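Student: Below are the sequence and a predicted model; questions follow.
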Amino acid sequence: MSWLDRLQTRWKVQTLGQVVIILIVFACTGFTVLFIKRPLFDYWFPFGEKPLWASILYWILIFPVYNAFLLFYGFVFGQFRFFWEFEKRFFSRIMSNFRK
């Protein structure tokens, strides 16, 4: 069984094509988050000096931004339902860890 087959089984999707599309969505989301950092920091700190608090704030705020982009790209690539369920499972796991 290949790793794509294992992902198909784990994610409970119908085809290997869906697995590939889902991986593309994760890649697009990651690259988008990566590429928006530099222009934002260059705009906010034009002289190149980036304070520590800005990096900390970026890492805190990137969490909801990443999830929004994930849903956006999921919609664009026709996999919104998968990513909506993925987000719900993800956040329910996080919330259950906070309740412990």
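Tutor: The structure has been received and is ready for your questions.

Student: what's around W44, how many residues?
Tutor: Look at W44: counted by other CB atoms under 10 Å, it has 11 neighbours. The way it works is simple: take the backbone N, C-alpha and C, and place the C-beta from them, glycine included.

Student: no, scratch that, I was asking about L16
Tutor: L16 has 13 nearby residues by other CB under 10 Å.

Student: show me what contacts the closest residue to it other than its chain neighbours?
Tutor: Leaving aside its chain neighbours, L16 sits nearest to L4 (5.4 Å; criterion: CB to CB, 6 or more residues apart in numbering). Applying CB atoms under 8 Å, 6 or more residues apart in numbering, one finds that L4 lies in contact with L16, V19, V20.

Student: and L4, what helix or strand is that in?
Tutor: Assigned by DSSP states H and E, L4 belongs to helix 3-11.

Student: what's the lowest-mean-pLDDT helix or strand in the chain packed up against?
Tutor: Least confident element among the helices and strands of the chain, by mean pLDDT, DSSP states H and E: helix 80-99 (a mean of 88). Other elements packing on helix 80-99 under the criterion 3 or more CB pairs under 8 Å, 6 or more residues apart in numbering; DSSP states H and E are helix 16-44, helix 52-76.

Student: thinking again about what came up before, how close does the residue nearest to L16 sit to A68?
Tutor: Separation of L4 from A68 (CB to CB, to the nearest Å): 27 Å.

Student: cool, F90 as well?
Tutor: From F90 to A68 the distance is 13 Å (CB to CB).

Student: hang on, the earlier thing: tabulate the helices and strands packed on helix 80-99 (TSV), appending mean pLDDT and distance to R10.
Tutor: Listed next are these as TSV, based on pLDDT from 0 to 100; distance: least, CB to CB, whole Å:
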stretch	mean pLDDT	distance to R10
helix 16-44	93	10
helix 52-76	93	17
